[in-house]
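Student: turn this into a structure:
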Amino acid sequence: MKIHEVKRKAEALGIVAGNLKKNELIWKIQEKEGNTPCFGRSNGDCPHTNCCFMDDCLRVKVTV
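Tutor: Residues are numbered from 1 along each chain as shown. Okay, the predicted model is just below:
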């Protein structure tokens, strides 16, 4: 998902994107939707198959 699509989704949920990085914004979206903020932390194995970020999530590894 491109950053402009993530920002659009965030806005629809009332989240201000500001200067947040893509992964930080996705974590906020996941929290707002009542999910675990786990984007990029799955190590290739994710049980959340209905997540709209899954394709991107499985390709990246986010370090905090």
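
Student: C-alpha from now on. contacts and neighbour counts both.
Tutor: Fine.

Student: check the gap between the residue nearest to the spatial centre of the chain and residue 8 for me.
Tutor: Nearest to the geometric centre of the chain sits residue 26, at 2.5 Å (Cα atoms, centre = their mean). Applying Cα to Cα, to the nearest Å, the value for residue 26 to residue 8 is 11 Å.

Student: right, and residue 58 touches residue 45 too?
Tutor: Yes: Residue 58 lies in contact with residue 45 (Cα atoms under 8 Å); the separation is 7.5 Å.

Student: in terms of neighbours, single out the busier of the two.
Tutor: A direct count of neighbours by other Cα atoms under 10 Å for residue 58 and residue 45 places residue 58 higher, at 16 against 9.

Student: just give the nearest non-adjacent residue to residue 38, would you?
Tutor: By the measure of Cα to Cα, 6 or more residues apart in numbering, the closest residue to residue 38 outside its immediate chain neighbours is residue 27, 6.7 Å from it.

Student: which secondary structure element is home to that neighbour?
Tutor: helix 22-32 (DSSP states H and E).

Student: what helices or strands is that helix leaning on?
Tutor: Packing partners of helix 22-32 (3 or more Cα pairs under 8 Å, 6 or more residues apart in numbering; DSSP states H and E): helix 3-12.

Student: alpha carbons of the helix it packs on, as CSV, please.
Tutor: Extracted in CSV, the C-alpha atoms of helix 3-12 (Å, rounded to 0.1, in the frame of the first residue of the first chain):
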residue,chain,number,x,y,z
ILE,A,3,1.9,6.1,1.6
HIS,A,4,-0.9,8.3,0.1
GLU,A,5,-3.3,5.4,0.5
VAL,A,6,-2.2,4.9,4.1
LYS,A,7,-2.7,8.6,4.8
ARG,A,8,-6.1,8.5,3.3
LYS,A,9,-7.1,5.5,5.5
ALA,A,10,-5.7,7.3,8.5
GLU,A,11,-7.7,10.5,7.7
ALA,A,12,-10.9,8.4,7.4
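
Student: which residues are in contact with that helix?
Tutor: 16-17, 22, 25-26, 29 (Cα atoms under 8 Å, 6 or more residues apart in numbering).

Student: good, we can wrap up now.
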